[in-house]
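Student: Structure for the following, please:
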Amino acid sequence: MKILNLFSGMGCDIIAHSRTDLPPITKVYHSDIDKYARAVDRYLHPDVIHLGDVTKIKGSDLGHIDLLLGGSPCQGFSFSGKQLAFDDPRSKLFFEFVRILKELREINPKINFFLENVKMKKEFRDVITDQLGVHPIELNSALDSAQNRKR
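Tutor: Numbering: from 1, shown residues only. Below is the predicted model of the structure:
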């Protein structure tokens, strides 16, 4: 299984994968610009291929990807923020996820994807739903962690 994780942080996708019965990982690409997250990721997962800035990635350069993961920045959507939505440059990065998904679908139309974000206003969620063509499922992180966050 080949995985691309955008906004990867410290690479928790690999830890999560190890707790599933999904096929073994054969190649993992991560994309993040935070130098501290990248340093931890490199330390924990030395075999991961780091791609850096999501805006510079071309899906066509990566070949067949089985699973696209991402958690684009949520500051513009969060109820605790200013609710700038897509006017917040960080939250606009969601559209990079969409662009890369479209590029990867040209190579693998059956690609699976998972996008994580905060609970948000219906109007923001509707844009994301329209772009991805699927309805969201709400999960609570309390199912697997000490946090109690609806996502």
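
Student: okay, CA-based contacts and neighbour counts for the rest of this
Tutor: Fine.

Student: Gly63 against Arg105, yeah?
Tutor: No - Gly63 is beyond contact range of Arg105, at 10.3 Å (criterion: C-alpha atoms under 8 Å).

Student: which of those two has more neighbours?
Tutor: Arg105 (18 against 14; other C-alpha atoms under 10 Å).

Student: residues touching that one, list them.
Tutor: By C-alpha atoms under 8 Å, 6 or more residues apart in numbering, the contact set of Arg105 is Ile111.

Student: Now the one helix or strand it maps to: buried residues?
Tutor: Per DSSP states H and E, Arg105 falls inside helix 94-107. The neighbour-count check on helix 94-107 (16 or more other C-alpha atoms under 10 Å) flags 94-97, 99-105 as buried.

Student: repeat for stretch 51-61
Tutor: 51-52, 54, 57, 59.

Student: Please give the centre-to-centre distance between it and its chain.
Tutor: Offset of stretch 51-61 from its chain centre (C-alpha atoms, centre = their mean, to the nearest Å): 13 Å.

Student: I'd like the distance between the spatially most central residue of the chain and Glu96.
Tutor: With distances taken as C-alpha atoms, centre = their mean, Gly70 lies nearest the centre of the chain, 0.2 Å away. As judged by C-alpha to C-alpha, to the nearest Å, Gly70 and Glu96 stand 10 Å apart.
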